[in-house]
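*Asks:* build me a model from this:
(chains A and B)
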Number of protein chains: 2
Amino acid sequence: MALSVVSKILVPIDGSESSMRAANAAIELARRYNEESRPVEVIALHVIDINPKFHLFTKYGFHYSEYERKAKETAQKGTAEWFPKIKEKADHHNLRFRSEVTDSSSASVVGEIVKFAEREKVDLIVLGTRGQSEFERLLIGSVTSGVTVYAQCSVMIVK
Amino acid sequence: MALSVVSKILVPIDGSESSMRAANAAIELARRYNEESRPVEVIALHVIDINPKFHLFTKYGFHYSEYERKAKETAQKGTAEWFPKIKEKADHHNLRFRSEVTDSSSASVVGEIVKFAEREKVDLIVLGTRGQSEFERLLIGSVTSGVTVYAQCSVMIVK
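*Replies:* The predicted model follows:
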């Protein structure tokens, strides 16, 4: 794929500064590739990081359902703040925009992003370098690294 | 950097199908970002893979200078074939185009690409997934992976 045709751009959002910068780049790319005959859609995706392995801790008094409820609540608050900011910029350039929330309980954050991109036949995934939960000392976060390796479509890493 | 301004796009070329696909994507991107007031330049870079560690083998009868001469000869033949193909496409879209050849003797292929991008203040590096010398079983080549991690500018991986 030589990127002559771009119809769908996916940008995973976790609220980090890095992911919001990626959203700006995704909108800019969509604007440049947008054509009347083939409008580009930007999809912002938030994957709630629910690790199903945590179930294992339940027997030691760790309340998984409580943890899951809190993660979803935090995600709801977050996306209510992040998504409108991106939508506003997309609207400003008359771009198609959609936001989605999913969780990583059936796979992992990387797995969810890759599966979503395949299901939606996304042409390009635009990523920041580091998510909120990554160690600052890493030059590139594990989610970004994982998506770069496993995505079947092209990937842009915005620094 | 939110990629609203793109003036220089670097595409490392080793002649692999993957790198030639990246060149097409780089030209397409340049075309989309090109503005009369800010023309975009595409730079194709070939790094001759000369491993200075091979010097160590000299004492066992390995002729390093012969190896180096052959590597440079092969590169010359290769670039004489690859670069005009890319230039033709760039010319077709009235884009600025430049080609450069360097070697990895002072660092590594990754190091050379990253240093070149910094020196030239490149905005974006466009890469294929796999070079000629990478193992086919890898989902992403070591050069692509290394550049993604160490480049200071944004990176696009074309699949």
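*Asks:* dump the residue contacts of residue A:4.
*Replies:* The neighbours of residue A:4, taking Cβ atoms under 8 Å, 6 or more residues apart in numbering or on different chains as the test, are B:24, B:28. Every residue, glycine included, has its C-beta placed from N, CA and C.
*Asks:* typo on my end, it should be residue A:97
*Replies:* A:41-44, A:86-87, A:90-91.
*Asks:* pairing partners for it in the sheet, please.
*Replies:* The bridge-partner assignment for residue A:97, based on DSSP bridges, gives residue A:42.
*Asks:* show the pLDDT at it.
*Replies:* Residue A:97 carries a pLDDT value of 98.
*Asks:* how much space between it and residue B:106?
*Replies:* Between residue A:97 and residue B:106 the distance is 46 Å, computed by Cβ to Cβ, to the nearest Å.
*Asks:* in this structure residue A:86 contacts residue A:25, no?
*Replies:* No: applying Cβ atoms under 8 Å as the test, residue A:86 and residue A:25 come out as separate, 11.4 Å apart.
*Asks:* and the helix ranked longest in chain A, how far from the chain's centre?
*Replies:* With residue count as the measure and DSSP state H as the assignment, chain A has helix A:64-92 as its longest helix. The offset between the C-alpha centroid of helix A:64-92 and the centroid of the whole chain comes to 12 Å, using Cα atoms, centre = their mean, to the nearest Å.
*Asks:* buried sites along it?
*Replies:* Burial within helix A:64-92, assessed by neighbour count using 16 or more other Cβ atoms under 10 Å in any protein chain shown, is assigned to A:64, A:67-68, A:71, A:75, A:78-79, A:82-83, A:86-87, A:89-90.
*Asks:* and chain B, is the lowest-mean-pLDDT helix or strand in chain A touching that?
*Replies:* Each helix and strand of chain A was given a mean pLDDT (mean pLDDT, DSSP states H and E); the minimum falls on helix A:64-92 at a mean of 93. No: for helix A:64-92 and chain B, the contact criterion (Cβ under 8 Å from any Cβ of the partner chain) is not met; the two come no nearer than 10.0 Å.
*Asks:* got the residues of chain A near chain B?
*Replies:* That would be A:1-4, A:21, A:24-25, A:28-29, A:32-33, A:139-140, A:145, A:148-159, which are the residues of chain A within reach of chain B (Cβ under 8 Å from any Cβ).
*Asks:* can you turn the buried part of those into a PyMOL selection?
*Replies:* This is how PyMOL selects the buried members of those, with burial counted by 16+ other Cβ under 10 Å:
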select buried, chain A and resi 2+3+21+24+25+28+29+32+33+140+145+148+149+150+151+153+154+155+156+157+158+159
